[in-house]
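S.K.: Starting from these lines, generate the structure:
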Amino acid sequence: MTTTSKPRESVLDYPRTLYPPIQPYKEHRLKVSDIHELYVEESGNPQGNPILFVHGGPGGGCSEWYRQFCDPQAYRIIMFDQRGCGKSTPLFSLQDNTTWHLVDDIEKIRKHLGIDRWAIFGGSWGSTLALAYAETHPTVVKCLILRGIFTLRREELLFFYQKGSNYLFPDYFDEYLSVIPEVERGDLMSAYYRRLTNDNDKETQMKCAQAWTRWEMATSRLMVDDEKIKEGEDPAFALAFARIECHYFVNGGFFKEEGQLLKNATILNQHNIPGVIIQGRYDVVCPATTAWELSKVWTNSDLKIIADSGHSMSEPDNIRDKGGRTTAQTEYKGAEKALNFICMNGHDISTSPHEINRSKAKVFICPPCKYDTHVTQFASMGWEVVEREGEPYTSTREHVLHCRGTLLDNEVKEQVGQELFGRN
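M.R.: Numbering: from 1, shown residues only. This next block holds a predicted model:
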């Protein structure tokens, strides 16, 4: 199923922002090899549904605000810095640093935390690694929430780093180009790699790291953000980001064959792994064609193309989808399934209260509505399921409040309405 965002026309389209900032309740140092030690943290609800956030890059590391995508009352939020970046050590290291080392690391984290099955949430390179992990360990993955799809095919890399995105950002591409001699510009990634891995010329190494990183920061949003570009000028971040990215890219992501992730996406179907794909229409870092191709192979996914967004997860409409939920909320709210809950009579009822007393909550099935989930899953989480008699609701807002989690207490119902829509 594919949907495209459009201008807000109803109460359902009023946005929800990120959850408030939170701090981890537990931090870990996990030794995953003789060389590498990972930083791993847990936040949110220790008894909540476990969800792993997989950061981008590779080499990007986690930021504190990434915790804010998930409801801290409903989720046990796990984040980690991948090898060589963030708070993991040793910083900048390329040794034993491949896709498959990281896949093994994720599995070690799951076992270390005593988690049976979990949801995986990743964007950009995070979507690459999430797919690689899910295709390798499908039995432990509940669902996938992916954004800005990147499968690390050669054509995707060339579009951004050689010829493609430069037609839209020629001014910033000139800066990216300027640090490489003209004679070497036929293969820019290889030229950069030679310099980024040359520890004997620190000045050139840093100059290239910052140029590489500025190029991605400049192009990641629909509207160029100078503050975003400045982030790429931080020496430690830029060197880890550029060096590790380039290492993966010149090695084809260490995949066995070109297009491996797309070809193996049928594994997700075989194991009935559902998911949602959030894709900015004007993403020039990871163009929408890859998300489209993935959605055709992975038939149990729901592709949502955001009409006015680029690549960055900080784009307002990449943070929230059409139903007004944060990206992670598309996973499961009251049901463990990563698909939108769409009413057959045309009302999008995907927005659901996240702070409600479920002992007072009911799910009203609005004839002739059918939901893309199992009603029994609502019941298993404490919701009372009631089939409402009569005609379907004519008011979209009334439909939302009654079909997903109406409270019997009118005062609390008004509070939920205020929370959802910012109005009574």
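S.K.: On the three-state scheme, the residue lying closest to K228 once chain neighbours are set aside is what?
M.R.: Leaving out its chain neighbours, the residue that sits closest to K228 by C-beta to C-beta, 6 or more residues apart in numbering is M217, at 4.8 Å. C-beta here means a position set from N, CA and C on the backbone, and glycine is covered the same way. The three-state label given to M217 by DSSP: H, G, I helix; E, B strand; the rest coil is helix.
S.K.: From what I see, M217 and I229 are in contact.
M.R.: Yes. With contact defined as C-beta atoms under 8 Å, M217 reaches I229; the gap is 4.7 Å.
S.K.: follow-up on the earlier one: what's the local residue count around the residue nearest to K228?
M.R.: For M217, the neighbour count with other C-beta atoms under 10 Å is 23.
S.K.: per-residue confidence at it?
M.R.: pLDDT for M217: 95.
S.K.: before we move on, what about L262?
M.R.: 98.
S.K.: helices and strands around the helix or strand harbouring it, which ones?
M.R.: Counting by DSSP states H and E, the element that carries L262 is helix 260-263. Applying 3 or more C-beta pairs under 8 Å, 6 or more residues apart in numbering; DSSP states H and E, one finds that helix 260-263 contacts helix 125-136, helix 288-297.
S.K.: Specify the angle between the shortest one and helix 125-136 in degrees.
M.R.: Which is helix 288-297. Calculated by axes from the mean of the first three to the mean of the last three C-alpha atoms, to 10 degrees, helix 288-297 forms an angle of 20 degrees with helix 125-136.
S.K.: what about helix 288-297, distance to the chain center?
M.R.: 15 Å (C-alpha atoms, centre = their mean, to the nearest Å).
S.K.: And for the first one?
M.R.: Counting by C-alpha atoms, centre = their mean, helix 125-136 is centred 11 Å from the centre of its parent chain.
S.K.: next SSE after that helix?
M.R.: strand 141-149.
S.K.: now the shortest one
M.R.: The C-terminal neighbour of helix 288-297 among helices and strands, as given by DSSP H and E, is strand 301-306.
S.K.: strand partners of that next one, parallel vs antiparallel please.
M.R.: In the sheet, strand 301-306 lines up against strand 2-4 (parallel), strand 275-280 (parallel) (DSSP bridges).
S.K.: average pLDDT across the longest one?
M.R.: To tie it back to what came earlier, the one meant is strand 275-280. What strand 275-280 shows for mean pLDDT is 94.
S.K.: same deal with stretch 118-129?
M.R.: Stretch 118-129 comes out at a mean pLDDT of 97.
S.K.: can you list the domain ranges for this protein.
M.R.: Following automatic domain parsing, the chain resolves into domains at 2-152+255-330, 155-249, 358-421.
S.K.: rank the ones you listed by mean pLDDT and give me the bottom one.
M.R.: domain 358-421 (a mean of 42).
S.K.: Enumerate the positions of the one helix or strand A240 maps to that are buried.
M.R.: Following DSSP H and E, one finds A240 within helix 235-250. Neighbour-count burial for helix 235-250, counted by 16 or more other C-beta atoms under 10 Å, picks out 237-250.
S.K.: Check stretch 47-60 too.
M.R.: For stretch 47-60, a neighbour-count test (16+ other C-beta under 10 Å) marks 48-60 as buried.
S.K.: Between the two ends of it, how far is it?
M.R.: For stretch 47-60, the first-to-last residue distance is 29 Å (C-alpha to C-alpha, to the nearest Å).
S.K.: ok now it, how far from the chain's centre?
M.R.: Worked out by C-alpha atoms, centre = their mean, stretch 47-60 lies 8 Å from the chain centre.
S.K.: Enumerate the positions of stretch 286-293 that are buried.
M.R.: Within stretch 286-293, judged by 16+ other C-beta under 10 Å, the buried ones are C286, P287, A288, T290, A291, E293.
S.K.: ok, back up a step: can you say which of the domains of the chain is packed in most?
M.R.: Comparing the domains of the chain by mean neighbour count (mean count of other C-beta atoms under 10 Å), domain 2-152+255-330 ranks first with a mean of 20.
S.K.: quick one on the thing from earlier: relative to S165, which of the buried residues of stretch 286-293 is nearest.
M.R.: Proximity of the buried residues of stretch 286-293 to S165 (C-beta to C-beta) peaks at P287, which lies at 8.5 Å.
S.K.: quick one, what contacts that closest one?
M.R.: E156, F159, G164 (C-beta atoms under 8 Å, 6 or more residues apart in numbering).
S.K.: Save these as JSON lines, and put in secondary structure too.
M.R.: Below are the contacts of P287 laid out as JSON lines (three-state DSSP):
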{"residue": "E156", "secondary structure": "helix"}
{"residue": "F159", "secondary structure": "helix"}
{"residue": "G164", "secondary structure": "coil"}
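S.K.: helices or strands next to the helix holding A240 in the packing?
M.R.: Taking 3+ C-beta pairs under 8 Å, 6+ apart as the contact cut, helix 235-250 packs with helix 188-196, helix 202-219.
S.K.: Send over that helix as PDB, restricted to the C-alpha atoms.
M.R.: Provided in PDB are the C-alpha atoms of helix 235-250 (Å, rounded to 0.1, in the frame of the first residue of the first chain):
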ATOM      1  CA  PRO A 235      36.400  17.600  13.700                       C
ATOM      2  CA  ALA A 236      35.700  14.400  15.700                       C
ATOM      3  CA  PHE A 237      32.200  13.900  14.200                       C
ATOM      4  CA  ALA A 238      33.400  14.700  10.600                       C
ATOM      5  CA  LEU A 239      36.300  12.300  10.700                       C
ATOM      6  CA  ALA A 240      34.300   9.400  12.100                       C
ATOM      7  CA  PHE A 241      31.400  10.100   9.800                       C
ATOM      8  CA  ALA A 242      33.400  10.500   6.600                       C
ATOM      9  CA  ARG A 243      36.000   7.900   7.200                       C
ATOM     10  CA  ILE A 244      33.600   5.100   8.200                       C
ATOM     11  CA  GLU A 245      31.100   6.000   5.500                       C
ATOM     12  CA  CYS A 246      33.700   6.000   2.800                       C
ATOM     13  CA  HIS A 247      35.100   2.700   4.100                       C
ATOM     14  CA  TYR A 248      31.800   1.000   3.700                       C
ATOM     15  CA  PHE A 249      31.000   2.600   0.400                       C
ATOM     16  CA  VAL A 250      34.200   1.700  -1.500                       C
END
